[in-house]
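Chemist: Need a 3D model of the following:
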Amino acid sequence: MKLVIETRTSKPVFQQLVDQIHFAINMGTLKPGQKLPSIRALAAEYGIAADTVAKAFRQLEFRDVIEAKDRSGYLVKQSTINRYKARGVSADKSEVHAAISSLDAGVIPGAFCKITEDYLGGDPEKCNVIHSDGSGTKSIIAYLHYKETGDAKVFEGIAQDSIVMNLDDLMCIGINGRVVFSNTINRNALNCPGEVIDALINGSELFMSSMRDQGVEIYSGGGETADVGDLTGTIVVDSCAVTTMKKKDIVTNTIVPDLAIVGLSSAGQAYYEDTENSGIGSNGLTSARHDLLSPAYGDKYPETFDSNLQENLVYCGPYQLHEAFPNSKLKVGEALLSPTRSYAPVIMALLAELRPNIKGLIHCSGGAQTKCLNFGSGIHFIKQNMLSVPPIFMAIQAASHTSWHEMYKVFNMGHRMEVYISPKYVETVISIAKQYNVEAQQIGVTEEAKTNQLTLTDWSGNLQEYIK
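Modeler: Below is the predicted model:
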């Protein structure tokens, strides 16, 4: 492997190392299992600082293409490229979990969200929950649509995405009271003028009102709009939610062996939704955007991607937003921008009838089908009867050739909410979901194991295995 280090260029040396080594791995010049030169050797050969080489190797580790082997140095990984990590995104957020591992886990450590004492009211029988999340890079797809059509109303759906990613996480601890939301909008004002902000604010109010009509008491507590053109070329939409509840009402996610796993579909059209939902949600949109959309978008809107990404991972898909979507009534843009479904009305109905019997609720967001590995102890999650895979996920895989093992770790693949319950209540769960026109079925079971692990039967009948 011969590297070419340019000193008269704006690209940092460490990034040159990352790009050239990654390219050599993709081209087969560096083969799986092959040992890389040591940090010291590379630094000496090319006259660069050892810290620079070390930084490059850490980035390649994050991209999941090399691995450290104790005294053996760094080796090219045997596994295929992880396209999600190569784009600077982590599905399992392992670095985040490592950073917070030593922090206080709250008053109920196994719960889906961190739960604290009632610092606001001082009631020892109650607790506080504050939660933050957002629409992620889905807002960039809305930006592309806005630039192509001039229609700012597309951002109303992005407002819903941001709220739902908080609301449905909170539903997993069984919230049963009022929730107050605060929105934060970080924008490049030159590219996202006032009409975009207007659509986001009004979209938030419209969605909250629709949820209140379903008995879900969520309210606006204001927010912040920041003009941060140096940080983003487009727009970022986040939310923060806060609620209080009695500790005795918490769904603790006490996941044990011999439970049934019921999945709630992410696609179709629930009775409380205005249009058909593709099922995409708000996870994996970095890969979905680049793997489906044409290189023309990268050429026209360079502000929508990181210039440090490998060229072959930037807008490398076959579709335009306005084109018909394969095997679907939705156009490509409509499918990608389907507002994230909230399961709140369904979960509230489930809790009203089955709260004492629900052992766990898992929102399959970050980590998708592997999210369950973060809960319970010594559990083998067996998902052998998955819901059918919506067309959008089939199209992403066909366009990108991403492994099915990675697809199920990045995308929900058909269901985004799981209910863990005794097998005798499965039909009740399915019946309640059906009342809202949300498809549901038992997708698996839990068994005892030495460590948390997941065995998943994919759409073609092949087994995919994951270990915590």
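
Chemist: need the longest strand for this protein.
Modeler: strand 235-246 (DSSP state E).

Chemist: Check which helices and strands it is in contact with.
Modeler: Secondary-structure packing of strand 235-246 (3 or more Cβ pairs under 8 Å, 6 or more residues apart in numbering; DSSP states H and E): strand 126-134, helix 138-149, helix 155-171, strand 179-187. Quick note: C-beta positions are derived from backbone N, CA and C, even for glycine.

Chemist: which residues pair with residue 237 across the strands?
Modeler: Applying DSSP bridges to residue 237 yields these beta-bridge partners: residue 185.

Chemist: how many other residues sit next to it?
Modeler: 26 (other Cβ atoms under 10 Å).

Chemist: Relative to residue 389, how far out is it?
Modeler: Distance, residue 237 to residue 389, by Cβ to Cβ, to the nearest Å: 28 Å.

Chemist: And whichever strand or helix holds residue 44, what's buried?
Modeler: Using DSSP states H and E, residue 44 sits within helix 39-46. Across helix 39-46, burial judged by 16 or more other Cβ atoms under 10 Å covers 39, 42, 43.

Chemist: what's the second one in contact with, if anything?
Modeler: Applying Cβ atoms under 8 Å, 6 or more residues apart in numbering, we find residue 42 in contact with 3, 17, 48, 53.

Chemist: change it to 6 Å
Modeler: Neighbour list for residue 42: residue 53 [criterion: Cβ atoms under 6 Å, 6 or more residues apart in numbering].

Chemist: Now do the same for it: its pLDDT.
Modeler: You'll see residue 42 listed with a pLDDT of 90.

Chemist: re the thing from before, can you list contacts of the following helix or strand past the longest strand of the chain?
Modeler: Following strand 235-246 in sequence order, the next helix or strand is strand 260-265 (DSSP H and E). With contact meaning Cβ under 6 Å, 6+ apart, strand 260-265 is reached by 343, 387, 415, 417-421, 423, 426, 429, 433, 438-440, 442-445.

Chemist: The helix or strand just after strand 260-265 packs against which elements?
Modeler: Heading C-terminal from strand 260-265, the first helix or strand you meet, by DSSP H and E, is helix 285-292. Where contact means 3 or more Cβ pairs under 6 Å, 6 or more residues apart in numbering; DSSP states H and E, helix 285-292 is packed against helix 391-400.

Chemist: which parts of the helix it packs on are buried?
Modeler: Result for helix 391-400 [16+ other Cβ under 10 Å]: buried residues 391, 392, 393, 394, 395, 396, 397, 399, 400.

Chemist: So in that sheet, which strands flank the strand or helix carrying residue 443, and in what orientation?
Modeler: Applying DSSP H and E as the criterion places residue 443 in strand 440-448. Its sheet considered, strand 440-448 pairs with strand 260-265 (antiparallel), strand 379-383 (antiparallel) by DSSP bridges.

Chemist: Roughly how far does residue 326 sit from residue 416?
Modeler: 22 Å.

Chemist: Compare those two (neighbour count), which wins?
Modeler: Taking other Cβ under 10 Å, residue 326 and residue 416 do not tie; residue 416 has more neighbours (29 against 14).

Chemist: excluding its backbone neighbours, what's nearest residue 145?
Modeler: residue 154 (4.8 Å; Cβ to Cβ, 6 or more residues apart in numbering).

Chemist: got it, and residue 187?
Modeler: Closest to residue 187 by Cβ to Cβ, 6+ apart is residue 235, at 4.4 Å.

Chemist: can you check residue 397 too?
Modeler: residue 407 (5.5 Å).

Chemist: now swap in residue 467 and tell me
Modeler: In this structure, residue 467 finds its nearest non-sequential neighbour in residue 453, 4.8 Å apart by Cβ to Cβ, 6+ apart.

Chemist: Surely residue 314 and residue 304 touch.
Modeler: No: with contact defined as Cβ atoms under 6 Å, residue 314 does not count as touching residue 304 (9.5 Å).

Chemist: thinking again about what came up before, quick one: the helix holding residue 44 to chain centroid distance?
Modeler: Centre-to-centre, helix 39-46 and its host chain are 38 Å apart (Cα atoms, centre = their mean, to the nearest Å).

Chemist: next one: stretch 328-340
Modeler: The answer for stretch 328-340 is 17 Å, by Cα atoms, centre = their mean.

Chemist: measure residue 114 to residue 123 for me?
Modeler: Taking Cβ to Cβ, one finds residue 114 at 18 Å from residue 123.

Chemist: Can you pick out the residue with more neighbours from the two?
Modeler: The residue with more neighbours, out of residue 114 and residue 123, is residue 114; 18 against 13, by other Cβ under 10 Å.

Chemist: What distance do you get for the closest residue to the more buried one other than its chain neighbours to residue 250?
Modeler: Distances taken as Cβ to Cβ, 6+ apart place residue 106 nearest to residue 114, at 4.3 Å, with adjacent residues excluded. From residue 106 across to residue 250, the span is 10 Å (Cβ to Cβ).

Chemist: Compare these two and say which is more crowded by neighbours.
Modeler: residue 250 (21 against 16).

Chemist: and the more buried one, what is it in contact with?
Modeler: Per Cβ under 6 Å, 6+ apart, neighbours of residue 250: 108, 111, 173, 174.

Chemist: Was I right to think the residue nearest to residue 397 contacts residue 399?
Modeler: No: taking contacts as Cβ under 6 Å, residue 407 lies outside contact range of residue 399: 11.8 Å.

Chemist: residues bridging contact with these two, i.e. touching both?
Modeler: With Cβ under 6 Å, 6+ apart, residue 407 and residue 399 have no common neighbours.

Chemist: Of all the helices and strands packed on strand 235-246, which one is nearest residue 299?
Modeler: helix 138-149 (12.3 Å; Cβ to Cβ).

Chemist: distance between the closest one and the chain's centre?
Modeler: 19 Å.

Chemist: go on, stretch 316-327?
Modeler: 22 Å.

Chemist: Could you list the low-pLDDT ranges of the chain?
Modeler: Along the chain, the parts satisfying pLDDT under 70 run over 71-72, 79-103.

Chemist: who touches stretch 172-189?
Modeler: 111-113, 200, 204, 217-229, 232-233, 235-243, 245, 249-251, 351, 361, 363.

Chemist: quick one: the helices in the stretch 351-468 of the chain?
Modeler: With DSSP state H, counting those that start in this stretch as the definition, the stretch 351-468 of the chain shows helices at residue ranges 391-400, 404-410, 426-435.

Chemist: before we move on, back to that, got a quick PyMOL command for the buried subset of the contacts of stretch 172-189?
Modeler: Here is the PyMOL command that selects the buried residues among these (16+ other Cβ under 10 Å):
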select buried, resi 111+112+113+200+204+217+218+223+225+232+233+235+236+237+238+239+240+241+242+243+245+250+251+351+361+363
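
Chemist: what's the domain layout of this structure?
Modeler: Domain assignment for the chain by automatic domain parsing gives 13-81, 94-278+338-467.

Chemist: Out of the ones you listed, which one sits most buried?
Modeler: Comparing the domains of the chain by mean neighbour count (mean count of other Cβ atoms under 10 Å), domain 94-278+338-467 comes out on top with a mean of 19.

Chemist: picking up where we left off before, which one of the strands paired with strand 440-448 lies closest to residue 27?
Modeler: strand 379-383 (36.0 Å).
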